[in-house]
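Asks: Compute the structure for the input listed below.
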Amino acid sequence: MLQIKSLFKEPLVHFLIIGFLMFVLYGIIGGESGPEDKTIQISRADIQLMQARWQKQWQRPPTDEEMKGLIRAHVREEVLYREAMAMGLDQNDTIVRRRVAQKMDFVLADATSEETPTDEQLEQYMQQNIERFQDPVRISFAHVYFSQDKRGDKAEADAKKVLETIRKQGLSIASAIRTGDPFMMYYEYSANSRAQVARNFGEEFADALFKQNTTGWLGPVRSGYGLHLIYVSEFRAAIPPMLEDVKERVLTEYLSERGRDAKERAYQKLLERYTVEVEKVTADAS
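Replies: Residues are numbered from 1 along each chain as shown. Below is the predicted model of the structure:
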């Protein structure tokens, strides 16, 4: 008896009981009404879709018995879906609303899809967004590292003194590197873009490096590791692209951008059908 009483205290049991009572109440009140459409049609397209999904998952077509099972499952899903909609179970359900809205978003995307653009259109789009498709400015450099953890306040003065020595004595890169401190990564970097430099050394370092458009020594430059003297051995300007070299990428971005714009225009037209009223929320005076 005590076990039965404790069982009825479980939230899951309460949920099942309430759900059962709602189902019984619906049957009593609703009777045989349910959804208006009582016909479930399984079209040839439906069957082909079931077969295609099965083929994709199992790498073989379904047998006759398996096909019958797929159709039964489809009918079951359709019956439960229609009855749930008739009972209004979709109302005030955030997940259902979001899923249906997402499907409508896909419909808008399909409805607003454009034809494949011509090469002339792609060329124009590429030129308008040239910085996204061209090979960026690239720099090859070496650096001499000075650890602030090791040298403290003397790090900057030491770096300046070494730079003066390098210039006066014309030290080689290898000799210059030995005048600094050990570094955890590489001492030389080849054909790096600004993004690569910033990823390795930080934005401040990249800014200082790419302001110089000629080769030679500069510094000291600060990074997250400490201070550096930098020797730029090669500065390569951005290379304008040829459409045939980047056509696939240009096409992808062109269609994506035009699709977003067209979908937004379609949404704005739908929005014009509605009046949006937002209730003003005031602070609690208490």
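Asks: use CA for all of it now, contacts and neighbours both
Replies: Will do.
Asks: Going along the chain, name the strands of the protein.
Replies: Secondary structure of the chain by DSSP state E: the strands cover 138-146, 188-193, 216-222, 227-236.
Asks: okay, and for the protein, where does confidence drop off?
Replies: Residue ranges of the chain with pLDDT under 70: 1-37, 111-114, 276-286.
Asks: And the residue sitting nearest the centre point of it, how far from residue 250?
Replies: Per C-alpha atoms, centre = their mean, the C-alpha nearest to the average position across the chain is that of residue 256, at 13.5 Å. From residue 256 across to residue 250, the span is 10 Å (C-alpha to C-alpha, to the nearest Å).
Asks: Check residue 139 too.
Replies: Here the criterion is C-alpha to C-alpha. By it, residue 139 lies 25 Å from residue 250.
Asks: if you count what's nearby, which of those two comes out ahead?
Replies: For residue 139 versus residue 250, neighbours defined as other C-alpha atoms under 10 Å are more numerous around residue 139 (24 against 20).
Asks: Hmm, residue 235 and that one touching each other?
Replies: Yes - taking C-alpha atoms under 8 Å as the definition, residue 139 is a contact partner of residue 235 at 4.8 Å.
Asks: what sits in contact with each of these two?
Replies: With contacts taken as C-alpha atoms under 8 Å, 6 or more residues apart in numbering, residue 139 and residue 235 have no neighbour in common.
Asks: Tell me where the stretch 1-150 of the chain has helices.
Replies: All helices of the stretch 1-150 of the chain, identified by DSSP state H, counting those that start in this stretch, fall at 2-7, 11-30, 44-58, 64-86, 94-111, 119-128, 130-133, 148-151.
Asks: how close does the nearest residue to residue 159 once chain neighbours are set aside sit to residue 179?
Replies: The shortest distance from residue 159 to any non-neighbouring residue, by C-alpha to C-alpha, 6 or more residues apart in numbering, is to residue 220 (6.2 Å). Per C-alpha to C-alpha, residue 220 is found 14 Å from residue 179.
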